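[1] Give me coordinates for this.
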Amino acid sequence: MTSSLHKALRHRGNDHTRHTQEFEQATGVAWHRPVPSSWVGGRRLSVVLPARNVAYCLPKVLDALQAQTYGRRFEVIVVDDASTDATAKVIATHPAVTTGLRLPTRCGAATARNLGTYLAQGETVVYVDADMLLPAGTVADLGARATDHAVLIGFRHNLRYGVAPDAGPELAADHRVTWQPPVNTPLLYSGITLREPIDGRPLEHTRDFRDLGHGRMYYDWDLPRMVVTALLAVPRTAVLDVGGFDPEFGRIGWGMEDTHLGASLIAAGHLVIPLRQAVGFHFDPPDAAEQWQHKLSTWHATLARYRALLAEPARSGRSAAFTASMNSLLHSCEVLR
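    As a prediction, this is how the structure comes out:
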């Protein structure tokens, strides 16, 4: 009998010590230190951005990708999720974009990322939010460490709309690093209620997520929840094998499609490894408060979808079906670049 995804996760650890030590011994570079400028080692990368009404920040995001110091060429694939602003025009004209497509109707970020993954030529896909500005060495740091078995996690530093960064992004700004949860309120993910304030340090207290294997929790966090597509590098063949992102999440609301992808990859035996130096600025939109309230209003539906998928068999062997589905979708898209 095929094991459920939930049960499969309980049999997977996340001790990535050997993996990181092998990198350090082979390169002479510490895992959490930047590689030298113009580093040419590592794997072929494809950067995939799903874009929806991000004309206010996309030019800066693409400028930053064009300014990356990675010594190997990498492609940038941007999929417009039927935006109603000037996003498509930015994609069509910016020189950093290798491939640009526009979905015929709004499908959600999961579908946009799936299409980008289908088109990707690189061995590793780097998922970046279209409102995520990366420092110049970020792509090189990911490319140098990417393997067939690693799910590489970066971090984000949110910036309010209209606020220009006055220094580099800070690791501690990410909730997976510094976390002060509310008290006397059920937490969104686990549902537990904390009665006393805590100074949460998920990254530090779990030893770079090593202690989150085998289904363990850190209060409201588990290993799949650490997989956030704002900045994430994953072996392309692994994404195809599990069938990519579940597109249903985009249809019913916001969130959880990256958590489910993470769970599927972990169940398949991949290690989730953070890069503390890989931190980018995440730009809030002009209507950030309104968008956040709308996202939270759909959270219960997407969380319920995720819980239901945990009870289903762990996904594998879906490359052919994924390819057929994306090939069909491709024919309905407008080519922007």
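[2] Could you find the closest non-adjacent residue to residue 55?
    Distances taken as C-beta to C-beta, 6 or more residues apart in numbering put residue 86 closest to residue 55, at 4.0 Å, once the chain neighbours are dropped. Glycine gets a C-beta too; all of them are placed from N, C-alpha and C.
[3] what number of residues lie near that neighbour?
    Applying other C-beta atoms under 10 Å, we find 16 residues neighbouring residue 86.
[4] where's it relative to residue 53, distance?
    Using C-beta to C-beta, to the nearest Å, one obtains 9 Å as the distance from residue 86 to residue 53.
[5] I'd like the next helix or strand past the helix or strand hosting residue 266.
    Here residue 266 sits within helix 257-267, counting by DSSP states H and E. Note on helix 257-267: by DSSP H and E, the next helix or strand toward the C-terminus is strand 271-283.
[6] So which bits of whichever helix or strand comes after that following strand are buried?
    Downstream of strand 271-283, the next assigned helix or strand under DSSP H and E is helix 288-310. By 16 or more other C-beta atoms under 10 Å, the buried positions in helix 288-310 come out as 301-303, 305-306, 309-310.
[7] Stretch 46-60 now?
    In stretch 46-60, counting by 16+ other C-beta under 10 Å, buried: 46-58.
[8] For the residue nearest the centre of the chain, give me the pLDDT.
    Residue closest to the mean C-alpha point of the chain, counted by C-alpha atoms, centre = their mean, is residue 229 at 1.4 Å. We have a pLDDT of 97 for residue 229.
[9] which residues does residue 183 contact?
    Taking C-beta atoms under 8 Å, 6 or more residues apart in numbering, we find residue 183 in contact with 193-197.
[10] how about a cut-off of 6 Å?
    Contacts for residue 183 (C-beta atoms under 6 Å, 6 or more residues apart in numbering) come out as 194, 197.
[11] now residue 125
    Contacts of residue 125 (C-beta under 6 Å, 6+ apart): 46, 48, 117, 234, 236.
[12] Tell me the bridge partners for it.
    residue 46, residue 234 (DSSP bridges).
[13] Make sure residue 7 is indeed in a helix.
    Yes. Counting by DSSP: H, G, I helix; E, B strand; the rest coil, residue 7 falls inside a helix.
[14] and the gap between it and residue 191?
    20 Å.
[15] Of the two, give the one with the bigger neighbour count.
    residue 7 (15 against 9).
[16] Tell me the confidence at that one?
    Looking at residue 7, the pLDDT reads 97.
[17] pLDDT below threshold where in the stretch 51-200 of the chain?
    The model of the stretch 51-200 of the chain has no residue with pLDDT under 70.
[18] what ranges do the strands span in it?
    75-80, 99-102, 124-128, 132-133, 150-159 (DSSP state E, counting those that start in this stretch).
[19] and of these, who's closest to residue 225?
    strand 150-159 (11.1 Å; C-beta to C-beta).
[20] Can you give the strand pairings for that closest one, parallel or anti for each?
    strand 231-235 (antiparallel), strand 271-283 (parallel).
[21] buried set for it?
    Buried, per 16+ other C-beta under 10 Å, within strand 150-159: 150-159.
[22] I'd like the residues you listed as CSV, with distance to residue 328 appended.
    What follows is those, written out as CSV (distance: C-beta to C-beta, whole Å):
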residue, distance to residue 328
150, 31
151, 28
152, 30
153, 32
154, 32
155, 36
156, 33
157, 38
158, 36
159, 38
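[23] What is the nearest of these to residue 203?
    Among these, and counting by C-beta to C-beta, the member closest to residue 203 is residue 155, at 8.4 Å.
[24] in the sheet, who's paired with the closest one?
    Here residue 155 sits in beta bridges with residue 279, going by DSSP bridges.
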